[in-house]
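[1] Based on what follows, work out the 3D shape:
(one chain, ligands or ions: 2)
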Amino acid sequence: MIAVTKAKSILQSLNLPQKKVRVQTVDALGCFLAESVKSTLNVPSFDNSAMDGYAYCWEDGLSELELIGESAAGASNLHKIEPGQAIRIFTGAPMPEGADSVIMQEKVQRKGARIFFESEEAEQGKHVRYQGSQCQKGATIAETASKITPGMVSLLASVGVGEVEVFQAPKVTLIITGNEIKAIGSELKRGQIYNANGPALEFWLKDLGVSEVNQIQVRDQKAEVVQGLKEALEISDLVIFTGGISVGDYDFVKEAVEANQVQELFYKLKQRPGKPLYAGQKEEKVVFALPGNPGSVLSCFMQYVKPLIHSWMGNSDAWSNYFEFPIAADFEKKIPLTQFLKAELTKGQVRVLQGQESFNLIAFGLANGFVEIPEESTEVKAGEKVKFYPW
Ligand SMILES: Nc1nc2c(c(=O)[nH]1)N[C@H]1C(S)=C(S)[C@@H](COP(=O)(O)OP(=O)(O)OC[C@H]3O[C@@H](n4cnc5c(N)ncnc54)[C@H](O)[C@@H]3O)O[C@H]1N2
Ligand code: MOO
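    Ligands and ions are numbered 1, 2, ... in the order given. You can find the predicted model right below:
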């Protein structure tokens, strides 16, 4: 058995075949930039008002102005004003030539074509958004490997960019093993259970931005598992098994990877859940076999598969997918293994949830991530910081 840290460093050192693809920013969910993006224009492209009010040219001691016109958002006619004059202006509307300041309408009294205000309310340069104050034409506004977030999509749109080059997500095949596994909707006979792993992984992969996900189910028969993997390797970059990787007489995944000439990277880790985790590589394709218990599947996916997919997709910080928070109560670790626990981060503290058995899914309904208790530690005291991996 190898340590969790060793397994992670093996995966981190893999050479993953990255492909670039151009996508609409609105379709780049979960993606990372494969190019840096430069602004094609000054933003704002014209001086404009940050408030509804009056634009004027500031002078010391000013307390009244003569109104000579109006500038609304979208207006392209250019006003020109002289000192002592103002125009009515609205948020986002172009500043008139000769004006350098805006006074909010709440601060003035209007009488006919004149406005009056306290002179200390007039400040030079106030409420003006200057041309190029967000970014100048040619400035780099997003670096390669940046995540496409809602904020990033907004920034890119502001400079007129609706399409970007990102790293393509790997094509994934999920192979669900087990004679007992039935799809939701079918009637369960004694000994049968619903497929909890397939839907969870499919959902999670979508959340990561992996759009090409193929899911197949194979029975616990060697030939079927071997053939399932053979076909999956033909169409995918990443194959993820669930179940069948332990030592039972009907666990054929280990034999199937060998029969398909997949080179083992590691098998069996000093961790709970997920001790019999397997990872291997065939040419540039990666194969994971996640131990079948759903707790083990979710924990192993979080620790190993998610960061690997993120690296594949260009996230340069993929393996730092945790934050440190104080634990809410003492925790005693009774096993000499790294333990990953279903946990809830609430009010700045992480609470280890009841029901940690790897078949028991109740706590997963509440959990918003996992806590890691390292291999060497035997207990953690309330208030001590632990690593928390959010979904
Ligand atoms: N003698 C030993 N037995 C076991 C060991 C061991 O070291 N020595 N390890 C245990 C651990 S830890 C785990 S985890 C499991 C992993 O076994 P497999 O990967 O072979 O998984 P299965 O036996 O196929 O299934 C385990 C468990 O999970 C349920 N399961 C499987 N797939 C699904 C699914 N898609 N949805 C919901 N539940 C699923 C399955 O019915 C079993 O109950 O091995 C231990 N045994
Ligand atoms: O890894 Mo197993 O999930 O401890 O049952």
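
[2] so what's residue 339 closest to, chain neighbours aside?
    Spatially, and ignoring its direct neighbours in sequence, residue 339 is nearest to residue 373 (4.5 Å; Cβ to Cβ, 6 or more residues apart in numbering). In short, each C-beta sits where N, CA and C put it, glycine included.

[3] Double-check that neighbour against residue 331; I have them as touching.
    Yes - assessed by Cβ atoms under 8 Å, residue 373 is found in contact with residue 331 at 6.5 Å.

[4] Show me what from the stretch 251-391 of the chain comes close to ligand 1.
    251, 273, 275, 276, 291, 292, 293, 294, 296, 358, 359 (Cβ under 6 Å from any ligand atom).

[5] let's see it at 5 Å
    With the criterion set to Cβ under 5 Å from any ligand atom, the stretch 251-391 of the chain comes near ligand 1 through 251, 275, 291, 292, 293, 296.

[6] Let me have those residues in a markdown table, adding neighbour count and distance to residue 23 as columns.
    Formatted as a markdown table, these follow (neighbours: other Cβ atoms under 10 Å; distance: Cβ to Cβ, whole Å):
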| residue | neighbour count | distance to residue 23 |
| --- | --- | --- |
| 251 | 21 | 40 |
| 275 | 16 | 39 |
| 291 | 27 | 35 |
| 292 | 25 | 35 |
| 293 | 23 | 36 |
| 296 | 26 | 34 |
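
[7] Just the ones of these in helices?
    Using DSSP state H, residue 296 are the members of those that sit in helices.

[8] Tell me which entries of the residues of the stretch 251-391 of the chain next to ligand 1 lie within strands.
    Residues of those located in strands (DSSP state E): none.

[9] For my notes, please list the residues of the stretch 251-391 of the chain next to ligand 1 in a markdown table and give pLDDT for each entry.
    Listed next are those as a markdown table, based on pLDDT from 0 to 100:
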| residue | pLDDT |
| --- | --- |
| 251 | 94 |
| 275 | 97 |
| 291 | 97 |
| 292 | 96 |
| 293 | 95 |
| 296 | 96 |
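
[10] ok, and of the residues of the stretch 251-391 of the chain next to ligand 1, which contact ligand 2?
    275, 291, 293, 296.

[11] Make CSV out of the residues you listed and add distance to residue 242.
    Below are those laid out as CSV (distance: Cβ to Cβ, whole Å):
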residue, distance to residue 242
275, 15
291, 8
293, 9
296, 9
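
[12] Could you identify the most distant pair in these?
    Greatest spatial distance in these: 275 and 293, 10.3 Å, computed using Cβ to Cβ.

[13] Give me the local confidence score for the residue in the stretch 1-150 of the chain that ligand 1 sits nearest to.
    Taking Cβ to the nearest ligand atom, ligand 1 has its nearest neighbour within the stretch 1-150 of the chain at residue 1, 9.9 Å off. On pLDDT, residue 1 comes in at 94.

[14] which SS class is residue 10?
    Here residue 10 is recorded as helix under DSSP: H, G, I helix; E, B strand; the rest coil.
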